[in-house]
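Engineer: let's see this in three dimensions:
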Amino acid sequence: MVDLSRDAQELLMKVQSENQQLQAIMAQKQSVEMQEVEINDALKEIKDKTEIYKEVAGLLIKTEKKKIQDELEESVEFIKIKKKQFAEQEAMLKKGLEEDQRKLMAMIQPPGAGGLAE
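Structural biologist: Now for the predicted structure:
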């Protein structure tokens, strides 16, 4: 068992936190991607329809096709912005995480060790 210095323990906690943040961002990104697929499917579905109904509080209400298309397309644009933000956050976190993992490994491994404990 390796006794970690205080700095190494703090860095280990930071790495664990960064890992959790990365997983959360990836989950949010995946959720947004699923929403985009659903909206694009809805756009395809209404493409050839003349009558469109929208669910409001459990009721189906006839609505204008153009209005629904505009709402769905606006949602897709909003999702694209969110996906870009998540991708940027993911890239930043991955870069920081890799750097912190390298620092942690350097703190844990004694000088001259080839990465394998004997």
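Engineer: what is the burial count for residue 20?
Structural biologist: For residue 20, the count of nearby residues is 10 (other CB atoms under 10 Å). In this view, the C-beta of every residue, glycine as well, is placed from N, C-alpha and C.
Engineer: measure it to residue 50 for me?
Structural biologist: Distance of residue 20 to residue 50, computed by CB to CB, to the nearest Å: 49 Å.
Engineer: contacts for stretch 97-112?
Structural biologist: Identification of contacts with stretch 97-112 by CB atoms under 8 Å, 6 or more residues apart in numbering yields 2, 4-5, 7-8, 11-12, 14-15, 18-19, 22, 115.
Engineer: report the buried residues of it.
Structural biologist: Buried residues in stretch 97-112, defined by neighbour count with 16 or more other CB atoms under 10 Å: 97, 100, 104.
Engineer: how about stretch 22-30?
Structural biologist: 22, 25, 28-29.
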